[in-house]
Structure formats: structure tokens, C-alpha cells
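Colleague: Fold the stuff below for me.
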Amino acid sequence: MLEFFGHFHPVLVHLPIGILLVAILMQWLSLREAYTALKQAIRLTLGIGVLTAIASCITGYLLSLSGDYDNGLVNTHMWMAISVTLVSVFLYLREIRYPFGKVNQVLSLTVLLLLTLTGHLGGSLTHGSGYLTAGLGGDSKALLPILKPIADIPSAGAYTDLVQPILHDHCYRCHSADKQKGGLRLDGPDFITKGGKDGKIILPGQAAGSELIKRLLLPLEDDHHMAPKGKPQFTKDEVALLTWWVNAGAPFDKKVGQLAQDSSIKRVLMDFHQGTAGAFKGAGAGDQGPLNIADSDMPREPVSPASQAVIKQLQSAGVMVLPIAQNSAYLEVSFLGDSIISPVTLQLLSSLKDQLVSLKCSRTSLTDSALPVIGLCSRLVRLWLDHTAITGKTLSSLQSLTHLHYLNLSGTAVTVEELQPLKSLPQLATLYLYQTGVDKKRWAVLQQSFPHTQLDSGGYVVPLFATDTTIVKAPVTK
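Modeller: Predicted coordinates for the structure are as follows:
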């Protein structure tokens, strides 16, 4: 019950601020002959301001008991608020016995100063340190995004240069030294590992089971969705990066180049290199940059919106479902690596067959039995089946995907014979076959079967040229 009443503090805290400011304004205006009529209302206004200040202090104290805020900052804020209340009481009593005196004017200025300082501290608790002074070039680091383009991705720290800036930009306002909502801090490795009141938030190597990732994938309307509705949302690239990092063991001391990378995460890392990974909030920032229907391979004809109930069920199961662009009903669906795709989930997926244009099942439990269901999604343009258990026996089920441009089968057991049914796909532009069952000796045969498709065998080796080496010489001293 105490915590319940404490939650009224944000409601009550604005009352004394506004009322006391009005009282101070009337006090100073009443010094002019044209406003002498205001003198009768000063005492009443001050009295109401004092009462609301007392109520605000009580609820603020109850809210501080939650432990969600930095104790030092909370205590300073609390004593400043108490000072506002006490000086206001003294000013009120002075107005009763000695109205309109010089001392009262000094007291009103003191209340104004204390209100400003207390409000600044309250804003810092809610929005991050340096809240009031951010616009004046003060301590604005907690308010401004720090995710910047990264020149050398392989040498960048996976946590320090990628994960930490993402958390800083989206999470530090509520989960750092100033404020620990849910007892959780995310501004350091030890805090991230420790978790919050509800336990650990990351399970190294298991993104699908990590609370941090699960919260990011909840429907926006869900009370537990992170970031909260109305706050800047994580982009698809940022979610993919965090998922990759957790699946890689959530290391705090390794470089990006030391962690395993598939083709999809390499494209995400390229967005971070170019500085576009955090530039497109919500839908649109994906594996191949923001999608633009006007100049992409995505369909342009209108389509009816998908069932929101189905979308919420998929999101609740940890599946990422996003529109491909603003004001578009077409969807892209991504399963987290190591996800188990159940028959129920597949059935839900088939309900989106008219809207689904991009489907990523990389490194999931997908098997041959799922391909007939995927074949029902005839509008698919991009499809990732890489590093799954499919053998290729049911690839003929994909012959109905006449709009398919991109297909990734890397890391599967498909063979040249099993790929033959796909040569009838009229729009297939790119087919990835790295580490598959395709015999290298029969690569030429495969290329003849797919004359208009770019076949990617992977395993590239980039030669080192003399111009790739920079020789640094010591300066000549005279």
C-alpha cells in the first residue's frame, strides 16, 4: 500500500510547483498599484501551495522506498523538497502576521530558487543527470545518443563499442546510477550480469531465453515491453546485434572479429559501420538497410492488414514481427537463433501468408516438414533457411514462391538434385549455398540450371595487396 500511494508522487509534485509560483507572482505583482487587489488571494494561494508541498513530500518519500533510484540523489532531492516546504510554511506564517514585508520578498525569492533546484534534481532522477542544464551545454551525456559509425568493425569491442552505446541510448534513463527501475542497472558489466529484482536478464548463449531480449520482442502495447511506449524504440539492427551478442556468450572483453558471424549479422554490422543501425526507429532498419517500397524488390500493390491477434501471439512467443516500412501492411518475420519453431507457430505463420514478404529462420529448429507451410506464403521475397536441419527433400514445396528474390540455404544438406525444382522460380536473383551438400565438381552444372541467378558459394579469400599495408616510420630528428 505504501508503494501504491508513492506512485501518486508524479501526480502531486506538479501542484506545489505551479501553485507556489502563482503565489510568488501575485506577491510581486501586488507591489504595483494596478494589482493591489491580488493581495487578498496571496495568503490563500500560499496555504494551498504548502498543503500540496507536504503531500508531495510524503508521497515522494514513499516512492523512494522502492529502491529504484540512486540513494544519494534521492536524499538530496528529498531534503531540497523539505526545504521548499519549510520556507513556504515560514513565508505563509509571515504573510499572516506581517503581510507585504521586505522579508517576505526575500523568502519568496528563496522559495523560487529552491523550487528550481528541487525540480532540476527531480528531472535528473526521472530523465537522467544534467536534465535541466542539458540545453545549456552542461552535463548532457545522459541525454544525447552516443551510438556513432564505427570505422573498424572487426577491431571494435563487441560490448564497449556496440552493446554499451545501444544500452546507453535506450536504457540508461531508467537503469543506471541515477535510477534503477526494478532494481536493475545496465551501465556496467557487473550490473548486467547481476540482473534486477526479477533475477538475471541475460543467459549467455541463450538469447531466446534471456529476459532482456524477450522484453524487446514483446508487443509495443505490453506493459513489459522495452523500451516503454512513447520512448525511442530499438531498431531491428539493434535488436539483432544484442541477440547476436547474447548468443555469442555475452562477452564483455572480446572484439567483434573474435565472435562467430553469419551472413545476416555481417549485414547488420555493416549498418553499424555506416552509422545507419540506430537511425531508423521501429520498422525499416534491417539486414539490408532501411527498406523503401518505391525502389526495393518488395511488392507495391495494396494488401489488407494482418490479424493483430496473430501478430501478438507470435510476438509473445519471442518472434520478431515488423512492418517493412511505415504505413505498410507487408511484414517481415524473424525467429531468434536457436528458436524452436513449433507446429502451432507454423500455423500462425500461415495466417500471415498474404502479408509476409520476408522470413528469417536462420539457425532454428526448422525441418523439411515446415517447407510446405512456408510454400503457402506466396508473396515471400526474401527467405532465410540457412543453418537449419532441412535436407532439401521438400524444396519443391517452394515452387509456389514466384516472387522470391533472395534465398539463403547456407549450412544445410541440400544437393544439386534437390535444388532443381527451384530453377522454375522466375524472380530468384540470389541463392546462397555456402557449406551445403552441393558437390563442387557439379557447380558448373548448377550454374547452367540457374542462368539468371547469382549463386554464392561463400568461403571467400581476399588477397592482400601491397597497397593494403601502411608503413609507419619514425620521424627524422635533426
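Colleague: Just the CA atoms of stretch 108-119, as PDB, please.
Modeller: Coordinates of each C-alpha in stretch 108-119 appear next as PDB, following Å, rounded to 0.1, in the frame of the first residue of the first chain:
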ATOM      1  CA  SER A 108       9.600  34.200  -1.900                       C
ATOM      2  CA  LEU A 109      12.900  34.500  -3.900                       C
ATOM      3  CA  THR A 110      14.300  31.800  -1.700                       C
ATOM      4  CA  VAL A 111      11.300  29.500  -2.500                       C
ATOM      5  CA  LEU A 112      11.800  30.200  -6.200                       C
ATOM      6  CA  LEU A 113      15.400  29.300  -6.100                       C
ATOM      7  CA  LEU A 114      14.700  26.100  -4.000                       C
ATOM      8  CA  LEU A 115      11.900  25.100  -6.400                       C
ATOM      9  CA  THR A 116      14.300  25.400  -9.400                       C
ATOM     10  CA  LEU A 117      17.000  23.300  -7.700                       C
ATOM     11  CA  THR A 118      14.500  20.700  -6.500                       C
ATOM     12  CA  GLY A 119      12.900  20.500  -9.900                       C
END
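Colleague: and that stretch, which residues are buried?
Modeller: 108, 110-112, 114-115, 117-119 (16 or more other C-beta atoms under 10 Å). Backbone N, C-alpha and C define where each C-beta goes, glycine included.
Colleague: Please narrow those to those residing in strands.
Modeller: Judged by DSSP state E, these include no members of strands.
Colleague: I'd like those residues as CSV, with distance to residue 387 and pLDDT appended.
Modeller: Formatted as CSV, these follow (distance: C-beta to C-beta, whole Å; pLDDT from 0 to 100):
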residue, distance to residue 387, pLDDT
108, 70, 88
110, 68, 92
111, 66, 90
112, 64, 90
114, 62, 90
115, 60, 90
117, 57, 87
118, 56, 85
119, 54, 83
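Colleague: Straight-line length of stretch 31-47, end to end?
Modeller: Stretch 31-47 has an end-to-end distance of 20 Å (C-alpha to C-alpha, to the nearest Å).
Colleague: Repeat that for stretch 323-337.
Modeller: Using C-alpha to C-alpha, the two ends of stretch 323-337 sit 20 Å apart.
Colleague: before we move on, what about stretch 206-213?
Modeller: 10 Å.
Colleague: From the rest of the structure, what touches it?
Modeller: 195, 198-203, 214, 226, 239, 242-244, 246-247, 318, 336-339 (C-beta atoms under 8 Å, 6 or more residues apart in numbering).
Colleague: buried subset of the residues you listed?
Modeller: 195, 201-203, 214, 226, 239, 242-244, 246-247, 318, 336-337, 339.
Colleague: So which residues of the stretch 301-450 of the chain form helices?
Modeller: 308-316, 343-350, 371-374, 416-419, 443-449 (DSSP state H, counting those that start in this stretch).
Colleague: okay if I get the ones you listed as CSV plus mean neighbour count and distance to residue 156?
Modeller: Shown next, in CSV, are these (neighbours: other C-beta atoms under 10 Å; distance: least, C-beta to C-beta, whole Å):
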stretch, mean neighbour count, distance to residue 156
helix 308-316, 16, 31
helix 343-350, 16, 35
helix 371-374, 18, 36
helix 416-419, 18, 37
helix 443-449, 13, 35
